[in-house]
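# pasting a predicted model and its sequence here:
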Amino acid sequence: MISASWQNAGPAARRHVKLEYCRPNPPHHPLMPTYSGRIPSKLPAVGTTIFTVMSRLAAEHHAINLSQGFPDFDCAPELRALVTKHFNAGVNQYPPMAGIAPLRDAVAAKIDTLYGQRYDPEHEITVVPGATYGIYTAVATLVRPGDEVILFEPTYDSYAPAVEVHGGVPVYVQLRYPDYSMDWQAVEAAITPRTRMMIINTPHNPTATVLSAEDLRLLEGLLKKTDIVVVSDEVYEHIVFDGHQHQSVARFPGLAERSFLVSSFGKTYHVTGWKMGYVAAPRELMAEFRKVHQYNAFVTNGPLQYVFAEYMGNRDAYLQLAAFYQKKRDYFLDGLKGSRFKPLPSRGTFFQNLSYEAISDEKDTDLAVRLTKEHGIASIPVSVFYRRPPAHRVLRFCFAKSEETLAKGAAILSTL
Ligand code: PMP
Ligand code: GLN
């Protein structure tokens, strides 16, 4: 937990922040007091996100930053030209609450073409300020105090706090190391009459695995007799490797009818800083979602919606993304051929996990800091996505970087 005194401390004190403070809340945590003990924190065990911590450490030590997931190259010049065009086109006031019609139409058409599910753009698609916001708002829409939400561990860091801040109870199911596969029996065992929601993520951050069609069919069958709502985080939908297809909940009618499908323009168009995404859901769910959205953000950046509405006509931009990133993954792996790091499969996302069992016994949180400070390369310790550190030791590296950066990074890692 980050105390008020830590927040007010200077950079020297900040450097001593412990990475384990970034973990999700442990199962039975006391309500720790903050603000001089007067107001209990709603998220007592939550600190600054690992992405912020590691990017800051990388900057402080001038390290190659393969930690936080974002490209080190710019977006397409055509996209930037559209920004200039639309910011100068007099569309700088509030857009409609759900998003401008041409963008919702373009999103609906894309989902229909790729996944064979027709969402009504008028009632079933909402443009949102990023996928994180979409997930948070979906949770806020449905989760009441005491409701259980099934999460999969390792868990992307925003899910549990979103659940807990609304009084929900995360219920964790483990992905099976080393392939991080789903244990559907464990999922079935985790379902109780109090289960309100399940948050799935494919391609998966931080493990770089993907769910198969069989996985989603099993999930569809499992949820059939329940009222459980699925939040499906599909921000890496266009980044699936080795000829595999992305399995969206939109492909499975029994899932689409109970799911919020969440995606992000940030990953698809190399503009993570724009914070733009969309949510698709059946009409009844979306009507409830919009009740919350209209008092949460109300609307999403207007001019940028015109930019994407026009740019989404360029289908190649997302259809070629998988090949683009697969090349980067393979380039990075080539550079690691002589290294003692052991690559785990990367089937999607722009992350490569490396096991370092042959190199060191250190905790991944310690090694990530040491590699940044002493060797000039920053990564993400995967244990922070667990409540308690697992037995295996893995670091996550982002390969959404130029070949020059990847070559330098791989060269450093190969010396270890
Ligand atoms: N979900 C996952 C799994 C992610 O990796 C990210 C990425 N950064 C997000 C959600 C957030 O996307 P956005 O920046 O659009 O909020
Ligand atoms: N999703 C990105 C990652 O996994 C980071 C986004 C963030 O910093 N919150 O690295």
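That came through, no problem. Ligands and ions are numbered 1, 2, ... in the order given.
# got a pLDDT number for residue 187?
Note for residue 187: predicted pLDDT of 98.
# contacting residues for it?
For residue 187, the contacting residues are 150, 173, 198, 219, 222, by CB atoms under 8 Å, 6 or more residues apart in numbering. The C-beta positions use only the backbone N, C-alpha and C, and glycine is treated the same way.
# show me these that map onto helices.
219, 222 (DSSP state H).
# neighbour-wise, which of the contacts of residue 187 leads?
Among the contacts of residue 187, residue 198 has the most neighbours (other CB atoms under 10 Å), with 26 neighbours.
# any idea how far that residue is from ligand 1?
Distance, residue 198 to ligand 1, by CB to the nearest ligand atom, to the nearest Å: 15 Å.
# how near is the residue in the stretch 251-400 of the chain that ligand 1 sits nearest to to residue 63?
Of all residues in the stretch 251-400 of the chain, residue 264 sits closest to ligand 1, at 3.2 Å by CB to the nearest ligand atom. Look at residue 264 and residue 63: by CB to CB, to the nearest Å, they are 26 Å apart.
# now do residue 336
17 Å.
# when those two are compared, which one has more neighbours?
residue 63 (23 against 20).
# surely that one meets residue 379?
No: using CB atoms under 8 Å as the test, residue 63 is too far from residue 379 to be in contact (9.6 Å).
# which residues are in contact with each of those two?
Shared contacts of residue 63 and residue 379 (CB under 8 Å, 6+ apart): 371-372.
# up against ligand 1, what does the chain have?
69, 130-132, 156, 201, 205, 233, 235, 264, 266, 272, 275, 277 (CB under 6 Å from any ligand atom).
# the same query, at a cut-off of 8 Å, please.
With CB under 8 Å from any ligand atom as the criterion, the chain meets ligand 1 at residues 51, 69-70, 129-135, 156, 158, 201, 204-205, 233, 235-236, 262, 264-267, 272, 275-277, 349.
# from these, which ones fall inside strands?
Judged by DSSP state E, the residues of the chain next to ligand 1 include 201, 233, 262, 264, 277 as members of strands.
# ok, back up a step: show me which of the residues of the chain next to ligand 1 are buried.
Neighbour-count burial (16 or more other CB atoms under 10 Å) applied to these gives 51, 69-70, 129-135, 156, 158, 201, 204-205, 233, 235-236, 262, 264-267, 272, 275-277, 349.
# strands of the stretch 301-416 of the chain, residue ranges please.
Applying DSSP state E, counting those that start in this stretch to the stretch 301-416 of the chain gives strands spanning 342-343, 351-355, 377-378, 380-381, 394-398.
# out of those, deepest packed?
strand 380-381 (a mean of 28; mean count of other CB atoms under 10 Å).
# distance between that one and the chain's centre?
Centroid displacement of strand 380-381 relative to its chain, using CA atoms, centre = their mean, to the nearest Å, is 14 Å.
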